[in-house]
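Undergrad: What shape does this take:
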Amino acid sequence: MADRLKGKVALVSGGAGGCGAAAVRLFAAEGAAVGIVDRDRARGEALAAELVAAGLRAVFVAADVAVKAEVEAAVSAVAAALGPITVLFNHAGTIVIKPFLETEEADWDFLFDVNVKSMYLMTRAVLPQMIAAGGGSVVCTSSISAVYATPMEVLYDATKGACHMFARAIAVEFRDRGIRCNAVCPGFIDTPHGRREVKELVALGVDASEAAIVAQQGRMGQPEDIARAALYLASDDSEFVNGAQLFVDGGFSAI
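TA: Numbers count the residues shown, from 1 in each chain. Just a heads-up that it's a prediction; the model follows:
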């Protein structure tokens, strides 16, 4: 067991599955006490139980991360169980894939609530604890879609552009209070989210075939690829990295 997060309390939103769960496992293995916040109670409780059985510190709290009262209650519950939160991984998110002229106002509101408002609510709830503790690290999951547009993903691209700038602005405002904030930007990742994205894009005529993804980024990314990047940004290894966007995409963004 390594100790790059030894003594830290981390909260991972959207931590019950996919890249979020990979980050939860890695953060715990690296010495953090980890709070898992997700709507999926069954998977979240199972993950927390798995970690506790392995002798690690973890707690699960069910919450809709787009609802202020639920976020504030979840943050309070994690802090009460584990201590002041000094690492926040804003990972919760989803996707809407539709031709733009078929999108509805409800699609826009839903996606911005889950992908952007959740980061605002989580960060707003956690920052006072970090400031009182003398500092902390916030990691936000953005995407290659923040800067590389894809047909049928106008709403998703717009939310991830907002995530990008949210991380930069938090970094600037809170740097002198010991807070760092960075974004991790995945390419196509082999998770239920990533596989659904590929399937729906292909169904709408966008070339997101296996051959196209291999040409763009070499292979499908794995959840552990994102977890390791998030660990770096969360840990003191990146103490002079602030307001950055770390692309984890096998070179997609370099082509």
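
Undergrad: going forward, measure contacts between C-alpha atoms and count neighbours the same way
TA: Fine.

Undergrad: Pull out the buried positions in stretch 192-208.
TA: Going by neighbour count (16 or more other CA atoms under 10 Å), the buried part of stretch 192-208 is H193, G194, E197, V198, E200, L201, A208.

Undergrad: Figure out how far that stretch is from the centre of its chain.
TA: Relative to the centre of its chain, stretch 192-208 is centred 21 Å away, using CA atoms, centre = their mean, to the nearest Å.

Undergrad: what do you get for stretch 47-54?
TA: 21 Å.

Undergrad: which of the residues in it are buried?
TA: L47, A48, A49, L51.

Undergrad: coming back round to it: so which of the buried residues of stretch 192-208 belong to helices?
TA: Counted as lying in helices by DSSP state H, out of those, are H193, G194, E197, V198, E200, L201.

Undergrad: looking at it, the first one is touching T94, isn't it?
TA: By that I understand H193. Yes: counting by CA atoms under 8 Å, H193 touches T94, with 7.2 Å between them.

Undergrad: Touching, F89 and V9? I think so.
TA: No: between F89 and V9 there is no contact under CA under 8 Å: 11.1 Å.

Undergrad: higher neighbour count, the two?
TA: When F89 and V9 are compared for neighbours, F89 comes out ahead with 31 against 25, by other CA atoms under 10 Å.

Undergrad: re the thing from before, if we only consider the ones in helices among the buried residues of stretch 192-208, which is nearest to R228?
TA: R228 lies nearest to G194 out of these, by CA to CA, at 17.8 Å.

Undergrad: Quick one: residues contacting the residue lying closest to that closest one once chain neighbours are set aside.
TA: Leaving out its chain neighbours, the residue that sits closest to G194 by CA to CA, 6 or more residues apart in numbering is F188, at 6.0 Å. Counting by CA atoms under 8 Å, 6 or more residues apart in numbering, F188 touches G194, I213, M220, G221, D249.

Undergrad: Give me the nearest residue to A244, chain neighbours excluded.
TA: Nearest one to A244, counting by CA to CA, 6+ apart, is N182 at 5.0 Å.

Undergrad: what does N90 give?
TA: C140 (4.7 Å).

Undergrad: Which secondary structure element is home to F89?
TA: Using DSSP states H and E, F89 maps to strand 87-90.

Undergrad: Walking through this protein, point out its strands one by one.
TA: In the chain, the strands defined using DSSP state E lie at 9-13, 33-38, 58-62, 87-90, 136-141, 179-186, 245-248.

Undergrad: For the longest helix along the chain, name the packing helices and strands.
TA: Longest helix of the chain, by residue count under DSSP H: helix 154-174. Contacts defined by 3 or more CA pairs under 8 Å, 6 or more residues apart in numbering; DSSP states H and E place helix 154-174 against helix 105-112, strand 136-141, strand 179-186.
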